[in-house]
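Asks: sequence first, predicted model second:
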Amino acid sequence: MNELLQDLNWRGLLYQQTDAEGMEKLLDTEKVSLYVGVDPTADSMHIGHIVPLLTLRRFQKAGHKPVLLVGGATGTVGDPSGRSEERQLQTMEQVEANVRGLKAQMERLFDFSSDADNGAILVNNNDWAGQMTLIDFLRDYGKLINVNYILSKDTVASRLDSGISFTEFAYTLIQGMDFNHLYDNFNVRIQVGGSDQWGNITTGLEMIRKTHDETAKAYGITIPLVTKADGTKFGKTAGGAVWLDAKKTSPYEFYQFWVN
């Protein structure tokens, strides 16, 4: 096994991989660009975000190039992953303020000013998805993924009885479009995310497969979620979030959480 993947596996950070043999060969022979995406549903990240980001940081230390995506577009739609009910939509002003908060936190974890080949890049998917018309989206991307494929995703299937809007139903297409865009414009070959992002990651791989020839190679890695004692993931619900913002969760509370 590739030395870096072996280290991640030893740390318990590898949950799922697509084409593990192909990814290992890629990492052995090239310095790779890879990305993690975070939707700005609040003005701070919480501990559920920190593990994928620190995993990306380990790739950077091994010489690979991290691309950090802030979902200025997807944050206005809402990811159904890990949720039993519809998200409350935010105003564009709220989303933009949240984007600024997430950028400031990411800049404390990664060096975006470095001239090195593996210096981090920060992108906002609103720069491409936000400029797209509905007709362009349906014509260029809606035709690539059929409804049965989306219905097979656990995040969607689990919501069919309780109800899911078309907005959240189509979320996986937008995230798939992100991976395809980063593949074309930033040579991103790997997406890293929590285990609840597996369906969205594989949608991106499917889009890349359908918009490129057979030489196109992209991969996905998921990481176990940070969960509560009852097995549910940490989110932003009242009393449940452990924030990375010291104004929301004090350094003492943050330290005490990990000690406990």
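Replies: Yes, it's here. Numbers count the residues shown, from 1 in each chain.
Asks: CA atoms for contacts and neighbours, from now on please.
Replies: OK.
Asks: flag every buried residue along stretch 18-26.
Replies: Of the residues in stretch 18-26, 18, 20, 23-24, 26 count as buried by neighbour count, 16 or more other CA atoms under 10 Å.
Asks: between all of these, which two are separated the most?
Replies: 18 and 26 (12.5 Å; CA to CA).
Asks: would you list every one of the strands in the stretch 151-260 of the chain?
Replies: 188-194, 219-223 (DSSP state E, counting those that start in this stretch).
Asks: if we can go back for a sec, so which of the buried residues of stretch 18-26 belong to helices?
Replies: Secondary structure from DSSP state H places 20, 23-24, 26 of the buried residues of stretch 18-26 in helices.
Asks: which one of those residues is nearest residue 113?
Replies: residue 26 (26.4 Å).
Asks: residues contacting the closest one?
Replies: Residue 26 makes contact with residue 32 under the criterion CA atoms under 8 Å, 6 or more residues apart in numbering.
Asks: per-residue pLDDT of it, please?
Replies: What the model reports as pLDDT for residue 26 is 95.
Asks: got the CA coordinates for the helix ranked longest in the chain in CSV?
Replies: Taking DSSP H as the criterion, the chain has its longest helix at helix 92-109. Extracted in CSV, the C-alpha atoms of helix 92-109 (Å, rounded to 0.1, in the frame of the first residue of the first chain):
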residue,chain,number,x,y,z
MET,A,92,-27.6,35.2,0.0
GLU,A,93,-26.4,37.7,2.5
GLN,A,94,-26.2,35.0,5.2
VAL,A,95,-24.4,32.7,2.9
GLU,A,96,-21.9,35.3,1.9
ALA,A,97,-21.2,36.2,5.6
ASN,A,98,-20.7,32.5,6.3
VAL,A,99,-18.3,32.1,3.4
ARG,A,100,-16.1,34.8,4.9
GLY,A,101,-16.1,33.1,8.3
LEU,A,102,-15.1,29.7,6.8
LYS,A,103,-12.4,31.2,4.7
ALA,A,104,-10.8,32.8,7.8
GLN,A,105,-10.8,29.5,9.6
MET,A,106,-9.3,27.6,6.6
GLU,A,107,-6.5,30.1,6.3
ARG,A,108,-5.4,29.1,9.8
LEU,A,109,-5.1,25.5,8.8
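Asks: what comes up buried for that helix?
Replies: 94-96, 98-99, 101-103, 106.
Asks: how far is it from where the chain is centred?
Replies: Mean C-alpha position of helix 92-109 versus that of the full chain (CA atoms, centre = their mean, to the nearest Å) differs by 15 Å.
Asks: for it, name the packing helices and strands.
Replies: strand 65-70 (3 or more CA pairs under 8 Å, 6 or more residues apart in numbering; DSSP states H and E).
Asks: now the angle from the longest helix of the chain to strand 65-70?
Replies: Here helix 92-109 runs at an angle of 150 degrees relative to strand 65-70 (axes from the mean of the first three to the mean of the last three CA atoms, to 10 degrees).
Asks: the chain should start at 334 in everything you say after this.
Replies: Okay, using 334 as the starting number, the last item reads as helix 425-442.
Asks: what residues does helix 425-442 touch?
Replies: Contact with helix 425-442 is made by 373-378, 387, 390, 403-405, 408-409, 455, 577, as judged by CA under 8 Å, 6+ apart.
Asks: give the next helix or strand downstream of it.
Replies: strand 454-457 (DSSP states H and E).
Asks: rounded mean pLDDT for that following strand, please.
Replies: 93.
Asks: now what about it, what contacts it?
Replies: Outside strand 454-457, the residues touching it (CA under 8 Å, 6+ apart) are 399-406, 436, 445.
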